[in-house]
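In: I would like the atomic coordinates for the input below:
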Amino acid sequence: MYPSAKVIGNDLSPIQPEYVAPNAEFVIEDFEDEWVYQNDYFDFIHGRTLSGHLNPGGWLEVHEASSKDGRSLNVCEQLKPWMVQAGFEDVQVVVHKIPWGPWAKDPHLKEIGRYQIVNAIESVDSYGLALMTRYVGYTEGHAKIFLAVVKEQIRSKSLHAYNLT
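Out: Here you go, the predicted structure:
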């Protein structure tokens, strides 16, 4: 989509797609470990619990996934004040309703839902395994069984869930 951009995708698990754009690469690593990138390296960061690597004037997109380690699952109302307090200017909040699956009546949301359900299923293991073993106390085997059930539930045609992002 942006051929002049360099895109680096990081993940805990090797679940990257087979086709990758020429300007993209994937690295298997944990964002919570020390970064190999120098400070002020990135113009845009999408992730969770990331700091210290954004160029002045760059953009930061924040998503949280765990509360067991002291982070709230619902930080939406706190994000704008935190960003302003951190020195960001012209902070704007835009909320989007993202359906999980093609159940929405609106054709555009139906298409988004198709992509979201694939995204949700493909990301369950990379997010869930670490969260279930680190903070819930599951063994790896128990966590994998639990996450298989989660994916089955996500695939259910009776699920009419959505995210507010």
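
In: low pLDDT regions in the chain?
Out: Within the chain, the set of residues satisfying pLDDT under 70 comprises 1, 47-55, 57-75.

In: Let's verify the residue of it most remote from its centre: helix, strand, or coil?
Out: Within the chain, the residue lying farthest from the chain centre (C-alpha atoms, centre = their mean) is Lys105, at 25.5 Å. Of the three states, Lys105 takes coil according to DSSP: H, G, I helix; E, B strand; the rest coil.

In: do the same with the one 10 residues further on
Out: The local conformation at Tyr115, judged by three-state DSSP, is helix.

In: about what we covered before: how much space between the residue farthest from the centre of the chain and Ala120?
Out: Using C-beta to C-beta, to the nearest Å, we find Lys105 at a distance of 20 Å from Ala120. In this view, the C-beta of every residue, glycine as well, is placed from N, C-alpha and C.

In: Hmm, Trp100 and Ala161 touching each other?
Out: Yes - between Ala161 and Trp100 there is a contact under C-beta atoms under 8 Å: 4.5 Å.

In: who has more neighbours, these two?
Out: When neighbours are counted by other C-beta atoms under 10 Å, Ala161 and Trp100 differ, and Trp100 comes out ahead with 20 against 16.

In: Contacts only, for the more buried one.
Out: Shown in contact with Trp100 (C-beta atoms under 8 Å, 6 or more residues apart in numbering): 113, 116-117, 120, 154, 159, 161-163.

In: rerun that using 10 Å as the cut-off
Out: Contact analysis of Trp100 by C-beta atoms under 10 Å, 6 or more residues apart in numbering lists 112-113, 116-117, 119-121, 154, 156, 159-163.

In: Using JSON lines, lay out the residues you listed together with secondary structure.
Out: Below are the contacts of Trp100 laid out as JSON lines (three-state DSSP):
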{"residue": "Ile112", "secondary structure": "helix"}
{"residue": "Gly113", "secondary structure": "helix"}
{"residue": "Gln116", "secondary structure": "helix"}
{"residue": "Ile117", "secondary structure": "helix"}
{"residue": "Asn119", "secondary structure": "helix"}
{"residue": "Ala120", "secondary structure": "helix"}
{"residue": "Ile121", "secondary structure": "helix"}
{"residue": "Ile154", "secondary structure": "helix"}
{"residue": "Ser156", "secondary structure": "coil"}
{"residue": "Leu159", "secondary structure": "coil"}
{"residue": "His160", "secondary structure": "coil"}
{"residue": "Ala161", "secondary structure": "coil"}
{"residue": "Tyr162", "secondary structure": "strand"}
{"residue": "Asn163", "secondary structure": "strand"}
